[in-house]
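>>> sequence and predicted structure below; questions after.
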Amino acid sequence: MPPLVIDNFPSTPGKVKVERSNYFGRMSHHWQSSSLANPLLWLFGLASLAVVLVVLLNSLDGYKAVHISSTWGGAQWEKQVRLSAHRKRSDNKVVLVTGAAGFVGMHVSLALRKRGDGVVGLDNFNSYYDPSLKRARRKVVENHGIFIVEGDINDAALLKKLFDMISFTHVMHLAAQAGVRYAMENPSSYVHSNIAGLVTLLEACKSAQPQPAVIWASSSSVYGLNTKVPFSELDRTDRPASLYAATKKAGEEITHTYNHIYGLSITGLRFFTVYGPWGRPDMAYFSFTRDILAGKPITVYQGPNQMELARDFTYIDDIVKGCVGSLDTAKKSTGSGGKKRGPAQYRIFNLGNTSPVTVPKLVSILEKLLKVKAKKYIVAMPGNGDVPFTHANISLAHKEFGYKPSTDLSTGLKKFVRWYLSFYGTRGDGIRRS
Ligand SMILES: O=C(O)[C@H]1O[C@H](OP(=O)(O)OP(=O)(O)OC[C@H]2O[C@@H](n3ccc(=O)[nH]c3=O)[C@H](O)[C@@H]2O)[C@H](O)[C@@H](O)[C@H]1O
């Protein structure tokens, strides 16, 4: 074999250019003659390593603040996974749902299960918001025969185990670090889940036999600072306003490379401010409900020139229909053994409601439903990643799988409030009593 020269090593004076064929042979000589034999330099090297480690651990602090748990493995665990993956008929799907104890994950898992699909959930039950809500959601899906594996999408060994055990036809990837404004508090958690976790999952999917089709949650936030409305999938998405948006945009690029290189069938869904029963306590409609009931003031942001902010709030049942529709129209991946055998499907869809509502209007609907007047602080929108408005053009999803949202904000909030009161009661402390 000819000597392998690593050419991309820097070749400026003082830097090395290594010839690998002779590398190990020369090492012993270098060991004796080079400065590596000097104990003082060793001490210095070890001290530098310690400093690097301390810096690295500190940078992980933000991530550690979100507690994550993991328990998997063993005969009983395997039995539960297999049972959960069991489909009713051979034409049903077998789906791995990541983030299954999350808001959208729970609802999508139930919808798939109800029609006879095999569904295995995966969730790390982190403490970004009250994990007891996630555990309550787990109870609901467990009652429908769905097992949620407790583990992280960054755990490559766990993913390999799952793909070795089960021939998943689809992966519905909904696990993510959500929240637009929290990205300024804990940026590393977004990189951990939305970038590193996504890549670990795609690696597992690309190597799986058979390769599943992947459907995953992107976000309306990728439209960032765009002003042209409604937002279309053809519009530019290179001006994100938050790190959250940037990681979702990165996800779209990352999934494209896995589609291109490995033949993974990919569908990205840009969700528009999803709300409804079993929702996320960090979102405005949820925290406003809690605070209005508690008699606490709420903060309503305002754009420049006292402009009211608006969102294309989308009800969870409509989102579920969009998720299931896109899953059912996803074509098979084309790769095998980690290699692409032909071009594979790559799609991106907006899943919105097509009728934006202002935040003050959202508050007035809640006031009516709760029969309590809100104490409002109107403040200028802080520069923390928020965008003034969102509005979806959904013609592509309509054409591809008949997506047609049918729940307006008043109707959807009525269902949310009914659920909220039955779950937490009227005290507004966000603590469940049952
Ligand atoms: O579509 C998305 O891709 C994203 O949707 C959601 O983000 P947003 O649309 O920002 O929802 P949300 O926080 O409920 O704020 C709603 C409105 O209330 C305003 N808002 C908020 C808080 C507050 O205290 N006051 C206030 O006026 C605020 O300024 C805004 O105008 C998801 O959280 C996110 O994970 C992602 O999925």
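Perfect, thanks for sending it. Because the structure is a prediction, the values reported are computed rather than measured.
>>> make it CA atoms for all contacts and neighbour counts henceforth
Fine.
>>> got the phi and psi for A217?
Note on A217: backbone dihedrals following degrees, to the nearest 10 are phi -90, psi 110.
>>> wait, it touches I266, no?
No - using C-alpha atoms under 8 Å, A217 is not in contact with I266; the gap is 11.0 Å.
>>> out of those two, which sits in the more crowded spot?
I266 (27 against 21; other C-alpha atoms under 10 Å).
>>> wait, that one touches Q211, no?
No - using C-alpha under 8 Å, I266 makes no contact with Q211, being 11.3 Å away.
>>> quick one: least confident helix or strand in this protein?
Least confident helix or strand of the chain, by mean pLDDT, DSSP states H and E, is helix 23-33 with a mean of 35.
>>> list of residues touching stretch 279-287?
Here stretch 279-287 makes contact (C-alpha atoms under 8 Å, 6 or more residues apart in numbering) with 103-104, 129-130, 179, 275, 362-363.
>>> swap in 6 Å and give it another go.
The contact list for stretch 279-287 (C-alpha atoms under 6 Å, 6 or more residues apart in numbering) reads F103.
>>> going forward, count from 430.
Taking 430 as the first residue, the last one we looked at is stretch 708-716.
>>> that one spans what distance, first to last residue?
End-to-end distance of stretch 708-716: 10 Å, with C-alpha to C-alpha, to the nearest Å as the criterion.
>>> now swap in stretch 826-846 and tell me
Start-to-end span of stretch 826-846 (C-alpha to C-alpha) is 29 Å.
>>> any idea which element the residue of the stretch 730-863 of the chain at minimum distance from the ligand lies in?
The ligand sits closest to Y730 of the stretch 730-863 of the chain, with a gap of 3.9 Å, by C-alpha to the nearest ligand atom. Secondary structure assignment for Y730, by DSSP states H and E: strand 726-731.
>>> if you count contacts, what does the strand or helix carrying K635 end up packed against?
K635 belongs to helix 627-636 when assigned by DSSP H and E. Judged by 3 or more C-alpha pairs under 6 Å, 6 or more residues apart in numbering; DSSP states H and E, helix 627-636 is in contact with no other helix or strand.
>>> from the chain's centroid, how far away is the host helix or strand of L512?
Using DSSP H and E, L512 sits within helix 504-514. Distance of helix 504-514 from its chain centroid, counting by C-alpha atoms, centre = their mean, to the nearest Å, is 25 Å.
>>> just the buried residues of it, please?
507, 509-514 (16 or more other C-alpha atoms under 10 Å).
>>> in JSON lines, list those residues along with pLDDT and distance to L539.
Formatted as JSON lines, these follow (pLDDT from 0 to 100; distance: C-alpha to C-alpha, whole Å):
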{"residue": "E507", "pLDDT": "98", "distance to L539": "21"}
{"residue": "Q509", "pLDDT": "98", "distance to L539": "17"}
{"residue": "V510", "pLDDT": "98", "distance to L539": "16"}
{"residue": "R511", "pLDDT": "98", "distance to L539": "17"}
{"residue": "L512", "pLDDT": "98", "distance to L539": "15"}
{"residue": "S513", "pLDDT": "98", "distance to L539": "12"}
{"residue": "A514", "pLDDT": "98", "distance to L539": "13"}
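>>> output the below-cut-off pLDDT ranges for the chain.
Where the chain drops to pLDDT under 70, the residues are 430-498, 862-863.
>>> domain assignment for it?
Here the domain parsing of the chain from automatic domain parsing is 466-496, 502-703+746-784+817-837.
>>> okay, now L791: neighbour count?
Using other C-alpha under 10 Å, L791 is surrounded by 19 other residues.
>>> tell me where the stretch 580-729 of the chain has helices.
For the stretch 580-729 of the chain, applying DSSP state H, counting those that start in this stretch gives helices covering 585-594, 616-619, 627-636, 672-691, 713-723.
>>> report the contact partners of G534.
G528.
>>> a strand runs through it, doesn't it?
No - the assignment for G534 (DSSP: H, G, I helix; E, B strand; the rest coil) gives helix, which keeps it out of a strand.
>>> work out for me the element G841 sits within.
Using DSSP H and E, G841 sits in helix 838-853.
>>> near the ligand, which residues of this protein show up?
When proximity is defined by C-alpha under 6 Å from any ligand atom, the chain lies next to the ligand at 607-609, 648-650, 700-702, 712-714, 728-730, 738-739, 788, 815.
>>> need the contact list for T629.
N583.
>>> any idea how far it is from D520?
Applying C-alpha to C-alpha, the value for T629 to D520 is 29 Å.
>>> got it, and V792?
V792 is 45 Å from D520, where distance means C-alpha to C-alpha.
>>> and those two? which has more neighbours close in?
V792 (21 against 9).
>>> okay, buried residues for the strand or helix carrying that one please.
Assessed by DSSP H and E, V792 sits inside helix 788-799. Residues 788-789, 791-792, 794-796, 799 are the ones in helix 788-799 that count as buried (16+ other C-alpha under 10 Å).
>>> nearest residue to the middle of the protein?
Nearest residue to the geometric centre of the chain (C-alpha atoms, centre = their mean): A605, 2.2 Å.
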